[in-house]
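Enquirer: take this sequence and fold it.
(3 chains)
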Amino acid sequence: MFLRVALLVLKKDVAIEAKSFEIITTTLFFAASCILVFSFAFVKEGAPVQDAASGILWIAIAFSGTLALGRTFERERYGETLRALLLAPAPRPAIYVGKLLGMVFVMVTTEVLLVPMVALLFQAPLFSRPLLLVALLLAGTIGFASVGTLFAAMLVRARTRDIMLPILLYPVTVPVMIAGVQGTSALLMSTPDEALATMWIGIVTSFDVVFITFCLWLFEPLMTE
Amino acid sequence: MSFAVGAGEILGLLGPNGAGKSTIIGMMATLVAPSSGAVRYGASTAAEAGVELRGRIGLLAHELHLYPELTARENLEFFARLHGLRPSDLVDPALAVAGLSDRADDVVSGFSRGMRQRLALERALLHGPRLILLDEPFTGLDDRAAGVVADRLRRLAADGRIVVLATHDLDLADGLVTRVGIVREGRLLTDEPGSTGLRARYRALVGH
Amino acid sequence: MKGQYFLPLFALTTAMFAAAPFVIANAPYESTMLLVQKIFYFHVPSWFVMFSAIFISGIYSVIYLVKGDRKADQIAAAAAEIAVIFGVMGLVTGPLWGRKAWGVWWQWDAKLTMALLLEMIFLGYQLVRRYGGPGSDKMSAALAVFGMVNVPFVYWSVNIWRTVHPKTSVVPTLGPGMFGAFWFSVLSFMLLFSLLLTLRLRLERQRAVLDELYLAEEP
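Expert: Numbers count the residues shown, from 1 in each chain, chains lettered A, B, ... in the order given. Now for the predicted structure:
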């Protein structure tokens, strides 16, 4: 029942997105332009700074993720359909999970473009330990998206939702950012520090577990006025 | 405020804009938590009754709850599945009742307000709810369509359902509702059996 | 919450703050930093107050979200505001001290980073309450809960980050003879905190009463 409704919400979001691909394409382009702008911002002796690669990657993920969050929930705002979802005879956190899965899907798709792009622009050996990188990206994306989905959902009726989302989201997800950047840097070293990267993955994973639990619990009280 | 509604009744919540009618409907739909007091369905509150309670409530809100990017058929199929029902039996008849069978595969963003209103009503009734809550159901409907909706509501009430309807359209409510509750600034001013002459009574209490 | 205790405690706090300059002046000089170190008697108690306020705000936010008791929300809001104020005091006294004592305005160690982050989260709390529109009380409660829950994660991640790139620690050690002055300062600040919390809570309650009166007005 729980999973069925979550997957139903996900399928519906995919169906809507498949009609225009608006969110995915614009998010991809935005993320790519982020990377370009930051590369020019962090320049040393006329060339992008090597060490900035991991930071730039995660900032691009955070910025594009924030915009995608806003726009996904903008779709639910039009006919106040979020309320209709809350009326389903299913546990309300299932709706949260459905939305979360959709967000993770969008962000992972963006990362599939971003990682090769960063690797190319910075000659960064991001593919030396692909499994660890994937694990780190996935754990970090889930952490960011879990808090982001809750905040975006609760802000849906606020007039200032566009600016409030990043204001609230970024400080709370700082541990994810730190772990993501540090873990990616560990993997980018000439001899990748696997132990360190694994440790960072562990930190983000425990963040994910704790925060998803809180989000699941807080979703219903926050969505009932 | 305090009131009770039972099977077969059509309760009309009348009042000016901003009176709180939508909030009352929201509370009855389990979307708004009252700051004091409780809403009971039978003997239990929403929390006690559990998740299935929502399967017996149908809400037609002012905002219509339709996805503009999806077609009429896709909208109804989604909401049918959300309620755990098989869309094949329900969607086509619902589209026929709404008069939208020929537009079933057009996206809702291209519909007029009246068409969306008819579709939204079908969406609200798709799962055969026992408690039917309607917030301004006649918006965008011409006289004929409004009359059709009113007949529908009478049939539903005769079938033993509970209908609660919030509107500021007194003429349409007149002759439809079996009970009247006049709401103003968060208070229920009166709760009496409905009959004709609503406009006069309303004006007496609210003043315009 | 306090009623008859308020005035006596107010008198006591005033007396303690009046006595504070003498107590602090009489405390021994710290070996390397001498006079500059004495800002510590303001700096650390500010953090004590800020963290107490954060935990009070977080816990009462949980209570509000679980029980819907408005009084819990009022306490959480009052505590959150005090957290921001004393956080600012800590974040101002810190760099002032750091600059004079160690030559740097800021360091990215665990404590400072966490303090800055929590300050930002609770500033966000104020913004949500002001600009969040309907339902902002619950939104800010959720934010306070997340802020509180984040404390161990931020501390953990920044700590590890710093051990990889070690720098000098900012944490001072208390020499003998300073304990008296230190705990005196802490006590004064905590008393000030409870007084301010009571006053702010009173204000919040009056505001709630006013709101209800306004809404209940006969047409």
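Enquirer: going forward, measure contacts between C-alpha atoms and count neighbours the same way
Expert: Will do.
Enquirer: quick one: low-confidence parts of chain A?
Expert: Judged by pLDDT under 70, chain A has its weakly predicted residues at A:46-48, A:50.
Enquirer: do the same with chain B
Expert: Along chain B, the parts satisfying pLDDT under 70 run over B:194-197, B:206-208.
Enquirer: residue closest to the middle of it?
Expert: Centroid-nearest residue in chain B, with Cα atoms, centre = their mean: B:Leu134, separated by 1.6 Å.
Enquirer: strand partners (parallel or antiparallel) of whichever strand or helix holds that one?
Expert: Using DSSP states H and E, B:Leu134 falls within strand B:131-135. Here strand B:131-135 is paired, per DSSP bridges, with strand B:57-60 (parallel), strand B:162-167 (parallel).
Enquirer: state the next helix or strand along the chain beyond the longest one.
Expert: Scanning the chain past strand B:162-167 towards its C-terminal end, the next helix or strand to appear is helix B:170-173 (assignment: DSSP H and E).
Enquirer: swap in the shortest one?
Expert: Using DSSP H and E, the helix or strand that follows strand B:57-60 towards the C-terminus is helix B:72-82.
Enquirer: check which helices and strands the helix or strand following that following helix is in contact with.
Expert: Next helix or strand after helix B:72-82 toward the C-terminus (DSSP H and E): helix B:87-98. Helices and strands touching helix B:87-98, by 3 or more Cα pairs under 8 Å, 6 or more residues apart in numbering or on different chains; DSSP states H and E, are helix B:72-82, helix B:113-125.
Enquirer: bridging residues for the residue nearest to the centre of chain B?
Expert: Counting by DSSP bridges, B:Leu134 forms beta bridges with B:Leu60, B:Leu165.
Enquirer: how much space between it and C:Tyr214?
Expert: B:Leu134 sits 29 Å away from C:Tyr214, going by Cα to Cα, to the nearest Å.
Enquirer: ok, A:Phe38 next?
Expert: 52 Å.
Enquirer: and these two? Which one has more around it.
Expert: When A:Phe38 and C:Tyr214 are compared for neighbours, A:Phe38 comes out ahead with 18 against 10, by other Cα atoms under 10 Å in any protein chain shown.
Enquirer: contacts only, for the more buried one.
Expert: Each residue near A:Phe38 by Cα atoms under 8 Å, 6 or more residues apart in numbering or on different chains is listed here: A:Ile56.
Enquirer: surely it forms part of a helix?
Expert: Yes - membership of A:Phe38 in a helix is supported by DSSP: H, G, I helix; E, B strand; the rest coil.
Enquirer: next, the angle from the helix ranked longest in chain B to strand B:162-167.
Expert: Taking DSSP state H as the criterion, chain B has its longest helix at helix B:143-158. For helix B:143-158 against strand B:162-167, the angle by axes from the mean of the first three to the mean of the last three Cα atoms, to 10 degrees is 150 degrees.
Enquirer: so what does helix B:143-158 touch, helix or strand wise?
Expert: For helix B:143-158, the elements it packs on are strand B:162-167, judged by 3+ Cα pairs under 8 Å, 6+ apart.
Enquirer: identify the residues contacting the strand it packs on?
Expert: Strand B:162-167 has contacts (Cα under 8 Å, 6+ apart) with B:5-15, B:21-22, B:25, B:130-137, B:153, B:156-157, B:173.
Enquirer: again, 7 Å this time
Expert: Residues outside strand B:162-167 that contact it (Cα atoms under 7 Å, 6 or more residues apart in numbering or on different chains) are B:6-14, B:21, B:130-136, B:157.
Enquirer: up against chain C, what does chain A have?
Expert: By Cα under 7 Å from any Cα of the partner chain, the residues of chain A that approach chain C are A:154, A:158-160, A:167-168, A:171-172, A:175, A:178-179, A:221-222, A:225.
Enquirer: A:Ala53: neighbouring residues, count only.
Expert: Residue neighbour count, defined by other Cα under 10 Å, stands at 26 for A:Ala53.
Enquirer: hey, where'd the helices end up in chain C?
Expert: Under DSSP H, chain C gives helices at C:6-26, C:40-67, C:70-102, C:110-131, C:136-164, C:178-216.
Enquirer: burial check on A:Gly70, number of neighbours?
Expert: For A:Gly70, using other Cα under 10 Å, the count is 22.
Enquirer: scratch that, A:Met154
Expert: Residues contacting A:Met154 under the criterion other Cα under 10 Å number 27.
Enquirer: same check on C:Lys71?
Expert: 16.
Enquirer: what of the one 3 residues further on?
Expert: Using other Cα under 10 Å, the number of residues around C:Gln74 comes to 24.
Enquirer: mind listing what it touches?
Expert: When contacts are counted by Cα under 7 Å, 6+ apart, C:Gln74 is found next to C:Leu201, C:Glu204.
Enquirer: now for B:Ile10, how many residues are close by?
Expert: Using other Cα under 10 Å, B:Ile10 is surrounded by 26 other residues.
Enquirer: how about the one 10 residues further on?
Expert: B:Gly20: 20 surrounding residues under other Cα under 10 Å.
Enquirer: what about the closest residue to it other than its chain neighbours, distance to B:Leu14?
Expert: Leaving aside its chain neighbours, B:Gly20 sits nearest to B:Gly186 (5.2 Å; criterion: Cα to Cα, 6 or more residues apart in numbering or on different chains). Distance of B:Gly186 to B:Leu14, computed by Cα to Cα: 12 Å.
Enquirer: show me which of these two is the more surrounded one.
Expert: Of the pair B:Gly186 and B:Leu14, B:Leu14 is the one with more neighbours under other Cα under 10 Å, namely 24 against 16.
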